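Asks: Attaching a predicted model along with its sequence, questions to come.
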Amino acid sequence: MSFYIERLAVVGVGLIGGSFARALREAGVVGSIVGIGRSMANLEQALALGIIDEVSQNPAEGVAGADMVFVSVPVCSVIPTIRQMAGSLGRGCVVTDGGSVKAEIVSQCEALMPEGCHFVGGHPIAGTEHSGAAASFATLYQGRRCIITPTVRTDQDALDKVTQAWCLTGAEVCLMEAGRHDRIFAEISHLPHAVAYALVHAVGSADVEGENVLSYTAGGFRDFTRIASSDPVMWRDIALMNRKPLLASIDGFSASLAELRRRIEAGDSAGLADFFTTAKNFRDGIL
């Protein structure tokens with residue numbers, strides 16, 4: 001077999017990390033898997049489910065002897081986690097991550113790699129609103145894109161290994177410059193989550209005749225705001241790490257919302273129809 005990981009270390013055995021481990025195990029391309037994390041309860045559950053073979057709560061100890069390390073922790077924790085474990089990485093080890101913010105992570109983590117080790121940034125475009133080892137499943141990445149963000153310093157062999165790993169999970173790999181990635185995903189991922197959280201916050205705080213407004217919600221509201229059930233810590237970190245692109249996206253959304261408000265206030269029937277039709281055509285184009 002041309003591609004095989006003798007020892008895989010997964011730091012953060014939740015939905016993303018756990019599904020990565022499950023997919024590679026199902027593909028038959030991994031020997032042993034060590035799960036690393038702070039919650040022993042989650043690690044023990046991952047062990048019981050057969051996602052991992054051993055556990056460690058110490059990243060520096062857990063990554064020893066690993067051929068590949070996949071870091072799947074909240075984005076603000078990626079750099080400190082890799083800094084903590086860097087000295088324990090064996091020569092030839094390839095480190096990658098699954099964070100949805102890339103520029104700062106790639107820049108700093110490349111610099112943290114000891115001689116003979118390599119970092120390759122990645123971001124699988126998949127997920128659910130659920131978290132933890134029990135939420136993971138082997139087919140999460142099938143038919144989904146995974147963005148890999150190499151730089152001029154990226155080792156070609158390391159890039160090939162990370163690309164092969166993601167392809168074996170069923171993902172379609174796309175290469176992209178890290179800054180471009182952050183600007184794009186501020187618009188299509190980070191902004192929608194921010195809007196969903198803001199909408200639920202506004203409606204949940206609304207005082208309409210003393211009623212609990214949320215008790216009247218049905219399919220439309222619940223479908224639209226499903227992502228507001230995602231991990232708040234994860235999204236706090238994403239908002240802070242990708243602050244500038246996200247703020248620019250929020251400003252653009254605010255301008256669009258202000259224009260919609262203006263047309264409603266003016267009773268502009270034709271303008272509203274045009275606004276909604278344009279948006280509908282954009283949405284239908286996705287499908």
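Replies: Yep, it's here. Numbers count the residues shown, from 1 in each chain.

Asks: Please enumerate the helices of the stretch 51-200 of the chain.
Replies: Secondary structure of the stretch 51-200 of the chain (DSSP state H, counting those that start in this stretch): helices located at 59-62, 75-85, 103-112, 156-168, 178-185, 191-205.

Asks: need those helices in TSV with mean pLDDT and distance to residue 228, can you?
Replies: For glycine as for every other residue, the C-beta is placed from the backbone atoms N, C-alpha and C. Listed next are the helices of the stretch 51-200 of the chain as TSV, based on pLDDT from 0 to 100; distance: least, CB to CB, whole Å:
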stretch	mean pLDDT	distance to residue 228
helix 59-62	96	31
helix 75-85	96	19
helix 103-112	97	25
helix 156-168	98	28
helix 178-185	97	18
helix 191-205	95	4
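
Asks: what's the closest of the ones you listed to residue 234?
Replies: Using CB to CB as the measure, helix 75-85 is the one of these that comes nearest residue 234, at 7.6 Å.

Asks: hang on, the earlier thing: now tabulate the helices of the stretch 51-200 of the chain in TSV and tack on mean neighbour count and distance to residue 279.
Replies: Listed next are the helices of the stretch 51-200 of the chain as TSV, based on neighbours: other CB atoms under 10 Å; distance: least, CB to CB, whole Å:
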stretch	mean neighbour count	distance to residue 279
helix 59-62	18	45
helix 75-85	20	30
helix 103-112	19	30
helix 156-168	18	33
helix 178-185	19	19
helix 191-205	15	14
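
Asks: mind putting these in a markdown table, distance to residue 142 included?
Replies: What follows is these, written out as a markdown table (distance: least, CB to CB, whole Å):
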| stretch | distance to residue 142 |
| --- | --- |
| helix 59-62 | 28 |
| helix 75-85 | 24 |
| helix 103-112 | 25 |
| helix 156-168 | 11 |
| helix 178-185 | 21 |
| helix 191-205 | 23 |
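
Asks: Count the neighbours of the closest residue to residue 23 other than its chain neighbours for me.
Replies: On the basis of CB to CB, 6 or more residues apart in numbering, the spatially nearest residue to residue 23 that is not a chain neighbour turns out to be residue 169, at 3.8 Å. Using other CB atoms under 10 Å, the number of residues around residue 169 comes to 25.

Asks: And the pLDDT at residue 169?
Replies: The predicted structure scores residue 169 at 97 on the pLDDT scale.

Asks: For it, give me the backbone phi and psi.
Replies: The main-chain torsion angles of residue 169 are listed as degrees, to the nearest 10 and equal phi -80, psi -10.

Asks: That one and residue 145 touch, don't they?
Replies: No: distance between residue 169 and residue 145: 11.5 Å, which falls outside the contact criterion (CB atoms under 8 Å).
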